[in-house]
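> make a model of this:
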Amino acid sequence: MASECPNDGAAMADGERICKDCQRVLAADLGYMCDRMDDLYQVATRQARPGPKQLAKGSIGPRATNPDPLREDAWGYYQYFRQFYTALVPAGTPRQTGRSLLLEGVPSLARNRSAPAIQKQMRQAADSVKRIFDWESEKRRGGWCQACSAILWVLDKSQYAICPQCGQLNDLAETRKTQRDWLMDSYQEGTSGEIAQLLTQCGYKVSARTIRYWAQKGYISRQEGSQGLDVYRVGDIIAMIEKDTPASAA
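Predicted coordinates for the structure are as follows:
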């Protein structure tokens, strides 16, 4: 007689500690956590300057040797999954290979006495991590997928991104360069607010006030739009940002 899964009450095969549905959920959560491992680390440790606690520890300069996490929740989930990952995947294994090993090991893990607790904990961790990355303010346009052209929404410091539509692994250095070149050559125009919003989504740091300031100083050109508002060309703004001069109007 098949026993019932302690997590959802479904029938289990002999020797299993969680049912097939829970195994599928566990595999999906493991894959998601593996894909987010680097992003979790970046969110948890990213910093602009050292804080008093870091300086008290003897760290010097803007990159403290032992930075205090900016987000303790992200750091906790990173540490939790890292311990789980390193316990099951040999050291030095490439990330994509390690991800495959984790997923292939789910049927064996399902027979472990601790499988029900592991599945519950991983489900809770994955849900919490998804909430961290669901905030659009944390994400930027990283260009377009090289396979299907879907827009890639990523963290500022992410180096790679898996397309949510086709599963293609994208090198963000290449997709960002393609995006930048397209913006420079597109002759797209808009008001200071529209351009600032677009470029902020693409990872540039510029405000509508700064754009108007540059125009007043004669650093960029402006034209009167159809509704009587000043409009600016995207490529001119990017060129000014990349020059890094003059000081902006904060």
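
> who does the longest helix seen in the chain touch, helix- and strand-wise?
The single longest helix within the chain, with elements called by DSSP state H, is helix 115-133. Helix 115-133 sits against helix 20-35, helix 37-45, helix 72-88, with contacts defined as 3 or more CB pairs under 8 Å, 6 or more residues apart in numbering; DSSP states H and E. In short, each C-beta sits where N, CA and C put it, glycine included.

> who's in contact with the residue positioned nearest the centre of the chain?
Taking CA atoms, centre = their mean, the centroid of the chain lies closest to L155, which sits 3.6 Å from it. If a contact means CB atoms under 8 Å, 6 or more residues apart in numbering, then L155 has 39, 42-43, 133, 138-140 as its contacts.

> now do the contacts for C148.
Taking CB under 8 Å, 6+ apart as the contact definition, C148 lies against 163, 165-166, 168.

> whoops, S3 was the one
Shown in contact with S3 (CB under 8 Å, 6+ apart): 11-12.

> now do the strands in the protein.
Under the criterion DSSP state E, the chain carries strands at the ranges 140-144, 151-154, 160-162, 169-171, 189-190, 223-224, 230-233.

> sort out which residues of the second one are buried, please.
So that's strand 151-154. Of the residues in strand 151-154, those buried under the neighbour-count criterion (16 or more other CB atoms under 10 Å) are 152-154.

> same check, this time on stretch 7-25
Applying a neighbour-count criterion of 16+ other CB under 10 Å, the buried positions in stretch 7-25 are 7, 12, 16-19, 22-23, 25.

> outside of that stretch, which residues touch it?
With contact meaning CB under 8 Å, 6+ apart, stretch 7-25 is reached by 2-6, 26, 106-107, 110-116, 119-120, 123.

> cool, and stretch 182-200?
Residues outside stretch 182-200 that contact it (CB under 8 Å, 6+ apart) are 140, 202, 206-212, 215, 223, 225, 229-235, 237-239, 241.

> if we use 6 Å, what do you get?
Outside stretch 182-200, the residues that touch it by CB atoms under 6 Å, 6 or more residues apart in numbering are 206-208, 211-212, 229, 231-235, 237-238.
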